[in-house]
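my questions concern the predicted model and sequence given below.
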Amino acid sequence: MKLSDIHILEKIAAGKIIISPRVPDEQIGSFSIDLRLGNHFRIFKHTECPPFIDLGTPNSVFTMCDQFMEDVLVKDDKAFYLHPGELALGITVERLTLPNDIAGWLDGRSSLARLGLMVHVTAHTIDPGWDGQITLEFANIGKLPLALRPGMRICAVSFEPLSGPTSKPYLEKNGAKYRGQESPLSSQIDKDSLACPN
């Protein structure tokens, strides 16, 4: 069962859910809070991409993913253009901290999806015990380029209590690859202990 706006605000007032900077009332919905788009993006370099990425081999070129991506910083009054068929990583303005007994659910905005923007591709869950800004996985499946502007409301987060505190909060997990992130991080799958052996 997801928390209503009343219970979300109670959790925030009690310091159980922390959102920084504080969100204004217009970002609070009936059971979710809108988050805004930050200025920092990561994109694949078109001229240096490998011929393929081997998802099952930790020692493949995939482990060097950062060298095939570049940072793009966009000024507040400018836009980041996402072209059809492209993938880019972004980051929320807000930093979110969750207790060990609440999970978060990230959803793109329907009005943006109707223009072809996928906001989280598959990363929909925010683990209990999470602390950091949220990397967004953008894909443009529409026909026209989309201008993404820093500060725009880009997604919504809702909250669901667990049956009790987890024994494996994100911050304490072995292999928590994205803990404390403050910028859009490229895939860290090479650090995944479940990757296939060579």
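Thanks, I have the structure now.

low-confidence ranges in this protein?
Within the chain, the segments meeting pLDDT under 70 span 47-67, 123, 175-177, 179, 185, 187-198.

need the strands for it, in chain order.
18-20, 33-36, 40-44, 69-73, 80-82, 87-97, 102-108, 117-118, 125-126, 131-140, 146-148, 153-161 (DSSP state E).

to Ser167, which of the ones you listed lies closest?
strand 102-108 (14.2 Å; Cβ to Cβ). Where you see a C-beta, it was placed from the backbone N, CA and C, and this is true even at glycine.

the closest one - contacts with which helices or strands?
strand 125-126, strand 153-161 (3 or more Cβ pairs under 8 Å, 6 or more residues apart in numbering; DSSP states H and E).

list the neighbouring strands of the longest one plus their orientation.
Put plainly, it is strand 153-161. Strand 153-161 has its sheet partners listed here by DSSP bridges as strand 33-36 (antiparallel), strand 102-108 (antiparallel).

how about those strands in a markdown table, adding distance to Trp130 and mean neighbour count?
Converted to a markdown table, these look like this (distance: least, Cβ to Cβ, whole Å; neighbours: other Cβ atoms under 10 Å):
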| stretch | distance to Trp130 | mean neighbour count |
| --- | --- | --- |
| strand 33-36 | 13 | 21 |
| strand 102-108 | 7 | 18 |
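
Thr122 is nearest to which of those strands?
Of all the strands paired with strand 153-161, it is strand 102-108 that lies closest to Thr122, at 10.5 Å by Cβ to Cβ.

got the angle for that closest one vs strand 87-97?
Computed by axes from the mean of the first three to the mean of the last three Cα atoms, to 10 degrees, the angle separating strand 102-108 from strand 87-97 equals 150 degrees.

any chance you could list what contacts strand 102-108?
2-3, 11, 16-17, 32, 96, 98, 117-120, 123-128, 130, 134, 154-162 (Cβ atoms under 8 Å, 6 or more residues apart in numbering).

picking up where we left off before, and the helices and strands packed on strand 102-108, which is most packed in?
strand 153-161 (a mean of 20; mean count of other Cβ atoms under 10 Å).

what does that one contact?
1-3, 8, 11, 17, 27, 29, 31-37, 90, 92, 96, 98, 101-109, 112, 119-120, 126, 134, 136, 148.

next one: Ala79 from Lys143, what distance?
18 Å (Cβ to Cβ, to the nearest Å).

how about Glu86?
13 Å.

between these two, which one's more packed in?
Neighbour count, other Cβ atoms under 10 Å: between Glu86 and Lys143, Glu86 has more, with 15 against 8.

so what's that one up against?
Going by Cβ under 8 Å, 6+ apart, Glu86 touches 43, 139-140.

export the residues you listed to TSV and tack on distance to Ser167 and neighbour count?
Formatted as TSV, the contacts of Glu86 follow (distance: Cβ to Cβ, whole Å; neighbours: other Cβ atoms under 10 Å):
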residue	distance to Ser167	neighbour count
Ile43	38	18
Ala139	34	17
Asn140	40	21
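
can you lay out the residues you listed as JSON lines showing distance to Leu73?
Shown next, in JSON lines, are those (distance: Cβ to Cβ, whole Å):
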{"residue": "Ile43", "distance to Leu73": "12"}
{"residue": "Ala139", "distance to Leu73": "21"}
{"residue": "Asn140", "distance to Leu73": "20"}
